[in-house]
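**Student:** next input, structure requested:
(one chain, ligands or ions: 1)
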Amino acid sequence: MAIERTLSIIKPDATRRNLTGKINAKFEDAGLRIVAQKRIQLTPAQAGKFYEVHKDRPFYGELCEFMASGPVVVQVLQGEGAIAKNRDVMGATNPADAAAGTVRADFAESVGENSVHGSDAPDTAAAEIAYFFSGLELVG
Ligand code: CMP
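**Tutor:** Down below sits the predicted model:
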């Protein structure tokens, strides 16, 4: 399987509860390597641009406000099949549906405040990585 990179975000509900290290341990235990990482505070407009694909969804406003409500950790994860592997580690979007041991089963508070985001396909991974990082910041 090919080596891939994917964009991950540790969301404000998780940074607020000091869970960055516990979440990173799950990524690393699954064989994903954190090749870039920074803690930032998004504005609602920056969150809105990132989640533009959801702009017509009823939860869009709430999602943008939440993502700007506290620090996030944006990171690039690298590994074999990293996009799908990260989605396995995260678990289902709604924590009520997430498999035991996944990040969302263990830590998410609700479908909106679900602790992590991960890219869903190679084209979105490339665009999402480029939204937050320059090539010089990715150190494999
Ligand atoms: P994420 O993987 O970051 O991608 C889009 C996000 O929208 C998703 O995780 C959820 O946090 C959020 N989301 C999806 N469905 C709902 C919903 N019904 N209510 C609130 N937020 C939602």
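**Student:** now do the helices in the protein.
**Tutor:** Under the criterion DSSP state H, the chain contains helices at 12-16, 20-29, 44-50, 60-67, 82-90, 103-107, 122-132.
**Student:** which parts of the chain sit against the ligand?
**Tutor:** Proximity of the chain to the ligand is confined to 54, 59, 62-63, 93, 111-112, 114, 117 under the rule C-beta under 6 Å from any ligand atom. The C-beta positions use only the backbone N, C-alpha and C, and glycine is treated the same way.
**Student:** measure the residue nearest to Tyr131 when sequence neighbours are not counted to Pro12 for me?
**Tutor:** In space, Tyr131 comes closest to Phe50 once its chain neighbours are excluded; the distance is 6.0 Å by C-beta to C-beta, 6 or more residues apart in numbering. Phe50 sits 14 Å away from Pro12 when distances are taken as C-beta to C-beta, to the nearest Å.
**Student:** run a quick neighbour tally on the residue lying closest to Arg87 once chain neighbours are set aside.
**Tutor:** Counting by C-beta to C-beta, 6+ apart, the nearest residue to Arg87 once its immediate chain neighbours are dropped is Gly118, at 5.5 Å. When counting by other C-beta atoms under 10 Å, one arrives at 23 neighbours for Gly118.
**Student:** same question for the one 5 residues further on.
**Tutor:** Applying other C-beta under 10 Å, we find 9 residues neighbouring Asp123.
**Student:** tell me who's in contact with Gly135.
**Tutor:** Shown in contact with Gly135 (C-beta atoms under 8 Å, 6 or more residues apart in numbering): no residues.
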